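# got a structure for you, letters missing:
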């Protein structure tokens, strides 16, 4: 019995405390912006080509859509990752419901123009993917006041 109580107490300590209910009913988070953060590690010796593709094709195609996407990258000097890109999510978590969004379509059209056709754009995407050793992504939000 003592072991059971100790196990229950340990589990209880590991669980987050229930949020205090300040008001009754549902409450949305207001004044937040959402983003997807992607961390990329390139295969040995492939970082240069990867950043070249991003600079010469992906970023240019983004700019050619005529929309201010707000995408920005950070080249990491320490840690296990080479790059971190932040992709703002204008529609918040609803952006994840698209299999292919209108923005994705517009971007691919511009990438196809830069690459010399849709088949060449697809090959460029495949080449970029082949340069990556591993990648992970996170979804998060930011508050305007902190």
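Perfect, thanks for sending it. Remember, predicted model here, so these are calculated numbers, not experimental data.

# name the residues that touch the helix or strand that contains residue 87?
Assigned by DSSP states H and E, residue 87 falls within strand 83-89. With CB atoms under 8 Å, 6 or more residues apart in numbering as the contact definition, strand 83-89 has outside contacts at 33-40, 42, 50-51, 54, 69-76, 95-96, 139. (C-beta placed from N, C-alpha, C; glycine too.)

# which other helices and strands does the helix or strand residue 74 falls within contact?
According to DSSP H and E, residue 74 maps onto strand 72-75. For strand 72-75, the packing partners by 3 or more CB pairs under 8 Å, 6 or more residues apart in numbering; DSSP states H and E come out as strand 83-89.

# what residues sit buried inside the following helix or strand past the strand it packs on?
Counting by DSSP H and E, the next helix or strand C-terminal to strand 83-89 is helix 102-115. By 16 or more other CB atoms under 10 Å, the buried positions in helix 102-115 come out as 103, 106, 107, 108, 110, 111, 112, 115.

# which residue, neighbours along the chain excluded, lies closest to the fourth one?
For residue 108, ignoring the flanking residues on the chain, the nearest one in space by CB to CB, 6 or more residues apart in numbering is residue 121 at 6.7 Å.

# was I right to think the one you found contacts residue 115?
Yes - assessed by CB atoms under 8 Å, residue 121 is found in contact with residue 115 at 4.1 Å.

# circling back: any idea of the mean pLDDT in the strand holding residue 74?
Averaged across strand 72-75, pLDDT comes to 96.

# which outside residues touch it?
For strand 72-75, using CB under 8 Å, 6+ apart, the contacting residues are 51, 54, 82, 83, 84, 85, 86.

# swap in stretch 129-140?
Residues contacting stretch 129-140 (CB under 8 Å, 6+ apart): 34-44, 46, 49-50, 53, 89, 93, 96.

# now with 6 Å, please.
Applying CB atoms under 6 Å, 6 or more residues apart in numbering, the external contacts of stretch 129-140 come out as 36, 37, 38, 39, 40, 41, 42, 43, 46, 49, 50.

# the last one: which element?
For residue 50, the element it lies in under DSSP H and E is helix 47-53.
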